[in-house]
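**Q** have a look at this prediction, sequence included:
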Amino acid sequence: MQTSKNHFEAKVIFNDETIRRMFRTEFYTYEGMQRLVWLAVAFALVMLALFVPIPTVVKVLCLLVGCAMFAMPDFLSRVAAEGVIMQRGGAESTVSCRINAGGVDVENGAHIPFDKIDRLVEDDQYFYLFQSRQMAVMIPKGSLLPANPERFAKVLAKETGKDWQQPDGGGGSHGLWQDHCHQLVSEPAQADGKCSPPAGEYLF
């Protein structure tokens, strides 16, 4: 039942796809330094393969590993997500939540006051309310009642005093690096042995 203009309700179905999305979002929201180290190592391996005179077998291995790391900077989050999916055995669950003047109430009994929300994150389909990297509420934009995602975003930003941010995953330079690495791996080695360059616990 709607009790005020700032009251919202939503339901999310947790299945394999939403679990993977949640873990990926958590990774891109909190693991900035780890991503930089991961990409630096990948870059070093690719440069080693391209410009250092090492045996061809080692060169190819460095290139493959480096490009794989560029292609999957969120590898660890993928492993964690698959572990949860295996534990659940493909089961689906539905979680309801309510947002009102007191904060966020989840049907499992969890309550998150607005001043305890650490980060507000959104992508094209979901809002994510992170109390910490181990605890978050995932809200499908399409399930909000009333169906007003724009107002929901404004209310949460006002109540928490935080700005919405977007998970920095996929596309952009990351996508360009994937294309570049794919080309590097596809190019045959030249006569000199060088390759021709062209580039948590969540509420479910």
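**A** Perfect, I can see it now.

**Q** if you count neighbours, what's buried in the host helix or strand of Met22?
**A** Met22 belongs to helix 16-30 when assigned by DSSP states H and E. Neighbour-count burial for helix 16-30 flags 18-30 (criterion: 16 or more other Cβ atoms under 10 Å). No exception for glycine: its C-beta is placed from N, CA and C like everyone else's.

**Q** I'd like these as CSV, with pLDDT appended.
**A** Formatted as CSV, the buried residues of helix 16-30 follow (pLDDT from 0 to 100):
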residue, pLDDT
Thr18, 92
Ile19, 93
Arg20, 92
Arg21, 92
Met22, 91
Phe23, 91
Arg24, 89
Thr25, 92
Glu26, 89
Phe27, 86
Tyr28, 85
Thr29, 87
Tyr30, 84
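
**Q** next, give me the two most distant ones among the residues you listed.
**A** Farthest pair in those (Cβ to Cβ) is Thr18 and Tyr30. Separation: 18.5 Å.

**Q** so where's the protein uncertain?
**A** For the chain, residues meeting the criterion pLDDT under 70 lie at 1-6, 32-35, 38, 73, 168-204.

**Q** which strands or helices does the helix with the most length in it pack on?
**A** When the chain is parsed with DSSP state H, its longest helix is helix 32-51. Applying 3 or more Cβ pairs under 8 Å, 6 or more residues apart in numbering; DSSP states H and E, we find helix 32-51 packed against helix 56-71, helix 172-186.

**Q** mind doing that once more with 10 Å?
**A** In this structure, helix 32-51 packs against helix 16-30, helix 56-71, helix 75-88, helix 172-186, with contacts taken as 3 or more Cβ pairs under 10 Å, 6 or more residues apart in numbering; DSSP states H and E.
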